[in-house]
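Chemist: Sequence plus the predicted model coming up.
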Amino acid sequence: MKILAHTLLLNLLLTSITALAESRIAVIVNGANTQNISRQDIINIYNDRIIAWNNGDKIGVYNLPTASPVRETFSRNILGTTAMAAAKAEANRHITNSSRNPQLLKRERLVILSVISNKNAIGYARAESVKKRKGIRILFLLD
Amino acid sequence: MKRALAIMLLVCGIWPLAALSATMAELEERLQSLENEIILINERDDSIHEAVTREMTVAGYTDAAYIYDSRDSTRPSFHLHHMSLFFKKQLSNNWRFFSEIEFEDGPKFEAGEPISILNCGADNICGGVGAADDTVTSINTLSNAEGKIFSEAFNLDFAWRSYANLRIGRFFTPAGIWSIDHYPPFVATQLRPRHIRNIFPQTTDGIMLYGITPIANHFVSYDLYISNGEGNASHEDLNTHKAVGLRLNIDLPYFDNFNLGTTLYQDVLNDNSDKIATGLHAKIRKGNYELQAEYADALLKPQSGNNYHTKGYYLQGLYNINHWDLGLRYDYYNANNQLAVDEITRTLFASYHISENLNLKLEHHFINFEDPATDDYNKTIFSINASLGH
């Protein structure tokens, strides 16, 4: 009986850990990208302050649609704002002709494929969607 | 019997292997075909992206408002104030064109009946002896004009480096925050703070060097320009002086967003008054809270009469919750410090963002004047604002 209880508890714990890992969001770049990228760099890239990698190549900034819950988590965790407010800021940069590196809006699967195929890309997706992918480097995992 | 059994076993063993091998071959063929398709789609996608990037793009914004004004002289009304079209084109890797044509208040320009004009010819004598070379031309006149059509911006950008770019043409005067981020779908209220456009001009025609560069953990951006100055739009500069301006902004790594900046502007107006204007601006965002403030002061030195200041500032607080923005603003303006013309506007506002490009706003303004001869009044505006694509 005791063994059964321990097994159940262990199972529950493992399930929770797996669920936690699966709800995480991975900030990703192409596997060939070896540059050290800090959290502040990501903020600066998504706020249009940094538009090129250290080697001078223009960054391909991939984002998800505003309604995506993954984008909401990314915006709140990294940019410190809601997805709507971040999207408004990006739209405002467009309308004021001050956008230097417009973001590319794609669905999650396409963001992953774009990051795999574009050595200058940066994006984010659910950790479970990228964990077995080749050609990707995970920069951060966000809860 | 043994032989028959052996043949049967061999057939049973080879047949699935042969079938499997055939399936594998089919799968490989299918895989190859899919890979080819992906390559083709990628190439098509690249060429479409290239074509779209090089094409002239049209975007814009529009709004519609219902305005209630407590003054007896004004009636509540629907107001179709803005309909602007942006034309953009990437001319080459470095060169880019941008223009904004604004149609304000549903403009209508209507020609009247043609009128005839008699041209008296080379001899300058009409009729009689000199009538031989007289001619009559018919011209249309304007009988009715409403609203405004205005080329708010048209310029060419040369993007060289992050820290050094060039803009030539007409552009919005880089000053403070609201002069740049002024589009109805993205500002808190339809009614702008009173000093905006009254201290620094709305647009300016000239040439600007601008850029952004990281310094330690900060980002410093600048806009340095020389232009015809106020009241000298594109056709001719009515005075020999050029206006010079500079906007500096520092983006500090505090809170979630922290911008501080200053604006300087020097001009000689067409009546030969000297104008020196300075401004300060700040924007802080932490979580759902945002604070924005601007201060501007212009010293005017007329050829005759006393020097005077035009001054204005505002402080705006905003709370963002999901699709809602709720806020208030205190706004002060004085057009001439020699006169009792202070204006104070207190504003409450709320906006609901249906999407990042579409919102509904409700704002109420309490407008008070120092001058007892001018009646205080309230203004309520309900509006819908849309940004029309990129």
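Modeler: Received the coordinates, thanks. Numbers count the residues shown, from 1 in each chain, chains lettered A, B, ... in the order given.
Chemist: if you look at stretch B:91-106, does any of it touch chain A?
Modeler: Yes - Stretch B:91-106 lies within reach of chain A by C-beta under 8 Å from any C-beta of the partner chain, at B:F98. Just so you know, the C-beta spots here come from the backbone N, C-alpha and C atoms, and that holds for glycine as well.
Chemist: ok, residues contacting that stretch?
Modeler: A:97, B:79-90, B:146-160 (C-beta atoms under 8 Å, 6 or more residues apart in numbering or on different chains).
Chemist: What's the mean pLDDT across it?
Modeler: Mean pLDDT, stretch B:91-106: 92.
Chemist: roughly how far is that stretch from the heart of the chain?
Modeler: Distance of stretch B:91-106 from the chain centroid (C-alpha atoms, centre = their mean, to the nearest Å) equals 10 Å.
Chemist: Go through that stretch and flag the buried ones.
Modeler: B:R96, B:F98, B:S99, B:E100, B:I101, B:E102, B:F103, B:E104 (16 or more other C-beta atoms under 10 Å in any protein chain shown).
Chemist: so where's the chain shaky on pLDDT?
Modeler: All of this is about chain A. Residues of chain A meeting the criterion pLDDT under 70: A:1-22.
Chemist: please go with chain B instead
Modeler: In chain B, residues with pLDDT under 70: B:1-2, B:4-6, B:9-20, B:46, B:53, B:128-130, B:233-236, B:238, B:390.
Chemist: ok, which stretches of it are helices?
Modeler: Assigned helices in chain B, in chain order: B:2-54 (criterion: DSSP state H).
Chemist: longest single strand anywhere in it?
Modeler: Longest strand in chain B by number of residues, with DSSP state E as the criterion: strand B:142-161.
Chemist: So which elements touch that one?
Modeler: Other elements packing on strand B:142-161 under the criterion 3 or more C-beta pairs under 8 Å, 6 or more residues apart in numbering or on different chains; DSSP states H and E are strand B:95-111, strand B:164-172, strand B:203-215.
Chemist: Report the spatially nearest residue to the residue in chain A that chain B sits nearest to, omitting neighbours in sequence.
Modeler: Relative to chain B, the nearest point of chain A is A:G80 (3.2 Å; C-beta to the nearest C-beta). Distance criterion C-beta to C-beta, 6 or more residues apart in numbering or on different chains; nearest residue to A:G80, sequence neighbours excluded, is B:D256 at 3.2 Å.
Chemist: tell me which residues form a beta bridge with B:L360?
Modeler: B:Y352, B:I384 (DSSP bridges).
Chemist: Run a quick neighbour tally on it.
Modeler: Neighbour count of B:L360, defined by other C-beta atoms under 10 Å in any protein chain shown: 14.
Chemist: what sits against the residue nearest the centre of chain A?
Modeler: Note on chain A: the residue nearest the mean C-alpha position is A:Y124, at 2.0 Å, using C-alpha atoms, centre = their mean. Residues near A:Y124 by C-beta under 8 Å, 6+ apart: A:I25, A:A26, A:V27, A:I28, A:Y62, A:L64, A:V70, A:F74, A:V111, A:L142.
Chemist: element containing it?
Modeler: strand A:121-126 (DSSP states H and E).
Chemist: now for the helix or strand just after that strand, which elements pack on it?
Modeler: Next along the chain after strand A:121-126, taking DSSP H and E as the criterion, comes helix A:127-130. If contacts are counted by 3+ C-beta pairs under 8 Å, 6+ apart, helix A:127-130 sits against helix A:2-22, strand A:25-30, helix A:108-117, strand A:136-142.
Chemist: CA atoms only: put helix A:127-130 into PDB for me.
Modeler: The C-alpha trace of helix A:127-130 is given here as PDB (Å, rounded to 0.1, in the frame of the first residue of the first chain):
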ATOM      1  CA  ALA A 127       9.100  24.800 -25.400                       C
ATOM      2  CA  GLU A 128       7.400  21.500 -26.300                       C
ATOM      3  CA  SER A 129       7.200  22.600 -29.900                       C
ATOM      4  CA  VAL A 130      10.900  23.200 -30.300                       C
END
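Chemist: How about it, which residues are buried there?
Modeler: Neighbour count says helix A:127-130 has A:A127, A:S129, A:V130 buried, by 16+ other C-beta under 10 Å.
Chemist: Repeat that for stretch B:331-338.
Modeler: Result for stretch B:331-338 [16+ other C-beta under 10 Å]: buried residues B:D331, B:Y332, B:Y333, B:N334, B:A335.
Chemist: With distance to chain A as new columns, can those residues be given to me in a markdown table?
Modeler: What follows is the buried residues of stretch B:331-338, written out as a markdown table (distance: C-beta to the nearest C-beta, whole Å):
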| residue | distance to chain A |
| --- | --- |
| B:D331 | 21 |
| B:Y332 | 26 |
| B:Y333 | 24 |
| B:N334 | 29 |
| B:A335 | 27 |
